[in-house]
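>>> sequence and predicted structure are below.
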Amino acid sequence: MSIKVFASETGGVYSLMETVLPPGGVVPKHIHKEEDENNFILEGQLTMHIGEAVYLAVPGSYVVAPRGVEQYFKNESDSDCRFLTTFTPGGAEGFFKDAGELIRSIAPEKPTPEQLSQLQEKYGLRYL
């Protein structure tokens, strides 16, 4: 996962990330409290569960996961899936930045559930 544009660079309007999800990779069930998650598939395919709907997203697909709606994604193919994600408004990228810094700072140990819960609360994100 690579953060391409931080909310601080757009006046908070949006942020942009690029993700490469390997075969069998999963973005776990989660809910964003404050922002919509907008995904554009560049390469590969991704099965996207947004609320009760299920989408098979292929290159060129644009799938929106509205704030407050449970979502998770899985790469069920045999090749990488590369996709762009914008958060509107921006800010959720801070969770990934802070989580990465936490993981690097305590390696080889892993973050405690309490540490991860604090980050989720800070960014209005809830993993289920």
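Done, it's in.

>>> quick check: longest helix in this structure by residues?
When the chain is scanned for its longest helix (criterion: DSSP state H), the result is helix 93-106.

>>> how about the strands in this structure?
For the chain, the strands defined by DSSP state E occupy 2-5, 15-21, 26-32, 36-43, 46-50, 53-57, 62-65, 71-74, 81-88, 125-127.

>>> any low-confidence regions in the protein?
Judged by pLDDT under 70, the chain has no weakly predicted residues.

>>> which one in it is furthest away from the centre?
Pro108 (23.8 Å; Cα atoms, centre = their mean).

>>> enumerate every residue touching the residue lying closest to Pro66 once chain neighbours are set aside.
Of all residues not flanking Pro66 in the chain, Asp36 sits nearest, at 5.3 Å (Cβ to Cβ, 6 or more residues apart in numbering). Glycine gets a C-beta too; all of them are placed from N, C-alpha and C. By Cβ atoms under 8 Å, 6 or more residues apart in numbering, the contact set of Asp36 is 64-67, 87-88.

>>> change it to 6 Å
By Cβ atoms under 6 Å, 6 or more residues apart in numbering, the contact list for Asp36 reads 64, 66-67, 88.
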